[in-house]
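S.K.: Take this sequence and fold it.
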Amino acid sequence: MRSKKKILLISLALGVLILAGILVRGYFKYREFRENPAKIIEAIPEGTNIVLGEVRHTAVREGRKEWVLEASSAQYSENTKEAVFNDVKVTFFMDGGGQVHLEGQEGTINTAKNDIQVVGGVRIIKDDQTFLTERIEYNHETRHITSPSEVRILGRNFDLRADRMQVDLATETALFTGAVEGKIDVADQLTM
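M.R.: From the prediction side, this is the model:
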């Protein structure tokens with residue numbers, strides 16, 4: 001009888017120790033993922049597709065935050081190394097301290113390169129200027145935003161249209177190509 005009680009107590013103690021070990025390991029994994037959410041994607045087995053709700057992704061280079069992407073949902077494919085987002089909002093951080101805000105209906109990010117494409121009702125806002133187009137492509141390496149489709153640029157004193165546009169975020173300059181036309185109200189600027 002005593003040996004049965006001893007075996008039961010030893011089994012119970014081992015069960016408690018194993019459970020405690022599992023809980024401690026789970027806590028440390030939780031802390032690791034909470035401190036660095038990108039590790040969640042690294043932990044996903046190869047070939048897995050996942051769907052996430054309310055996503056936030058930050059790109060950092062040399063200790064500097066370059067952009068933050070937020071979306072209402074995302075679907076990630078390990079095979080293509082791409083994530084597809086819905087209701088995308090991206091904030092780009094400029095070297096001089098300013099920000100450029102971009103939003104669109106759907107976006108794709110190449111997770112290996114951090115390149116972004118956004119389509120559908122794309123709106124880019126920088127200070128008092130608004131750029132409207134249907135598609136943009138962001139090259140993370142060069143920090144260029146390109147619109148291969150027609151773009152409309154609205155400002156306090158102008159309304160322009162161009163076939164294509166390229167914005168260099170590093171130099172904060174824009175190049176408009178193709179048929180460029182518009183209206184510029186220079187009356188305010190010419191008064192002395």
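S.K.: so where's the protein shaky on pLDDT?
M.R.: Scanning the chain for pLDDT under 70 picks out the ranges 1, 30-53, 187-192.
S.K.: where along it do the helices fall?
M.R.: 2-35, 38-43, 187-190 (DSSP state H).
S.K.: Return the distance of the nearest residue to residue 153 once chain neighbours are set aside relative to residue 64.
M.R.: Closest residue to residue 153 apart from its sequence neighbours, by Cβ to Cβ, 6 or more residues apart in numbering: residue 160 at 4.4 Å. To be clear about C-beta, it is placed using only N, CA and C from the backbone, and glycine gets the same treatment. Counting by Cβ to Cβ, to the nearest Å, the separation of residue 160 from residue 64 is 31 Å.
S.K.: quick one: which of these two has more around it?
M.R.: Remark: of residue 160 and residue 64, residue 160 carries more neighbours, 18 against 9, as counted by other Cβ atoms under 10 Å.
S.K.: Thought residue 178 was touching the more buried one, still the case?
M.R.: No: with contacts counted by Cβ atoms under 8 Å, residue 160 stays clear of residue 178, the gap being 11.9 Å.
S.K.: Specify the beta-bridge partners of the residue nearest to residue 153.
M.R.: Partner residues in beta bridges with residue 160, using DSSP bridges, are residue 153, residue 182.
S.K.: got the contact list for residue 129?
M.R.: Neighbouring residues of residue 129 by Cβ atoms under 8 Å, 6 or more residues apart in numbering: 153, 154, 155.
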